[in-house]
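>>> need coordinates for the below:
(one chain, ligands or ions: 2)
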Amino acid sequence: MAHDRALPSDAGVPDRSELGAPLVVLDKVNKHFGALHVLQDIDLTVHRGEVVVVIGPSGSGKSTLCRSINRLETIDTGTITIDGVPVPAEGKALARMRADVGMVFQSFNLFAHKTVLENVTLGPIKAKGLKKSEAKALAMQLLERVGVANQADKLPAQLSGGQQQRVAIARALAMKPKVMLFDEPTSALDPEMINEVLDVMVSLAAEGMTMIVVTHEMGFARKAAHRVVFMDGGQVVEEAEPETFFTTPESERAQDFLSKIL
Ligand code: ADP
Ligand code: MG
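Ligands and ions are numbered 1, 2, ... in the order given. I've put the predicted structure just below:
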C-alpha cells in the first residue's frame, strides 16, 4: 500500500504554539456493542486549530470514536464536550451541536437525487435559516474553493469519486462548523483522486480549521497533523507528533501496525 504519497500543495499548517483552547474534549469515554468494549477509557483533547490524525487497525474503534463525537453513537460512560458544552442527548440542542461538527465519511453520502448545489445549500437553508439566494452564494463560493463549481448543476452520480468527496467537504463547510471530522475520506477513492481530496484538507488545515481525521495517509499526517493518535483494540495506545510516530513508534502494537501499512 502506497500511503506515503507526496502532496503537491505546500501550504503550511499553523504551529502548535498557535493552537487555541480545548474545543473537543473526551473524558474517560466508554462504549460497548454488546460484550465488545469498543471504546475503553478514551481521553482526548483537541484544541482549536489543531489537526489530529487518528490511525489504527480495522476494528480498533476509530469510526465509533468519530461517530460518538456528534452522537451518531451514544456512549455508556464518560463525557464529551464541544466548546465547553456537553454533547446534548437529543432535540434542538443536539441539532445545533451537530451543525458545529462537520462530518465527512468514506462513502460520500450525498443526496443522490439533488444537484451538487442543492446538496450544499440544503443544510444552511433548513438548519440555519439562510435565504435561498444567500445559501446559493455561500455554496458557490465553497464549491469554487474545493474546485467543483463547474459541476454545480449536476447530480452526484455524474461526478467522479474525488469530486463527490470534495462536494461532501463543501457541504460540511457550509454549516460553518467549529470542527471537521473526516472518517477515512479517501479510502473509497481511486488512487489518482486521492490527492485532490487531501489537498483540500491540507488547505483547510492551513487555514486553522480544527480537524479530527481518521486516515492512513501518512503524507497527509506528516504535512498537516499536529498529532497522531494511534488506536488499537478500543484504546488510545500512543500519541505523538507525526514524524516521531512514523519514525520511532514506541509501542509494539504501533510498530506492528506500521510495518503492515508501510
Ligand atoms: P474502525 O473504524 O477502527 O475500523 P469501528 O469503530 O468501526 O472500527 O468498529 C469497532 C468495533 O466495533 C469493530 O469490532 C466493529 O465490528 C464493532 N462495531 C462497529 N459498529 C457496530 C455496531 N453498530 N454494532 C455492533 N458492533 C459494531
Ligand atoms: Mg472505520
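>>> how about the contacts made by Lys154?
Contacts of Lys154 were listed using Cβ atoms under 8 Å, 6 or more residues apart in numbering, and they are 115-116. All C-beta atoms are positioned from the backbone trio N, CA, C, and that covers glycine.
>>> ditto for the one 10 residues further on
If a contact means Cβ under 8 Å, 6+ apart, then Gln164 has 108, 110, 156 as its contacts.
>>> for the first one, give me its contacts.
With contacts taken as Cβ under 8 Å, 6+ apart, Phe108 has the following neighbours: 156, 161, 164-165, 167-168, 188.
>>> can I get the host helix or strand of Ser68 in PDB, CA atoms only?
Here Ser68, judged by DSSP states H and E, is contained in helix 62-69. Written as PDB, here are the backbone C-alpha positions of helix 62-69 (Å, rounded to 0.1, in the frame of the first residue of the first chain):
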ATOM      1  CA  LYS A  62     -11.900   4.900  15.100                       C
ATOM      2  CA  SER A  63     -15.200   5.300  13.400                       C
ATOM      3  CA  THR A  64     -17.100   4.700  16.600                       C
ATOM      4  CA  LEU A  65     -14.900   7.500  18.200                       C
ATOM      5  CA  CYS A  66     -15.800   9.900  15.400                       C
ATOM      6  CA  ARG A  67     -19.500   9.000  15.500                       C
ATOM      7  CA  SER A  68     -19.700   9.400  19.200                       C
ATOM      8  CA  ILE A  69     -18.500  13.000  19.000                       C
END
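>>> which neighbouring elements make contact with the following helix or strand past that helix?
Toward the C-terminal end, the helix or strand that comes next after helix 62-69 (DSSP H and E) is strand 77-82. Contacts defined by 3 or more Cβ pairs under 8 Å, 6 or more residues apart in numbering; DSSP states H and E place strand 77-82 against strand 22-33, helix 62-69.
>>> nearest to ligand 2: which residue in this structure?
For the chain and ligand 2, the shortest gap (Cβ to the ion) falls at Ser63, measuring 3.1 Å.
>>> what about that residue, neighbour count?
Number of residues near Ser63 (other Cβ atoms under 10 Å) recorded here: 19.
>>> give me the neighbour count for the residue nearest to it when sequence neighbours are not counted.
Taking Cβ to Cβ, 6 or more residues apart in numbering, and ignoring the residues beside it in sequence, Ser63 has Asp183 as its nearest neighbour in space, at 5.4 Å. Burial measure for Asp183: 20 neighbouring residues, criterion other Cβ under 10 Å.
>>> just the strands in the stretch 51-200 of the chain please.
51-55, 77-82, 85-86, 101-104, 179-183 (DSSP state E, counting those that start in this stretch).
>>> sheet partners, orientation included, of the first one?
By that I understand strand 51-55. Partners of strand 51-55 in the sheet, by DSSP bridges, are strand 210-214 (parallel), strand 227-232 (parallel).
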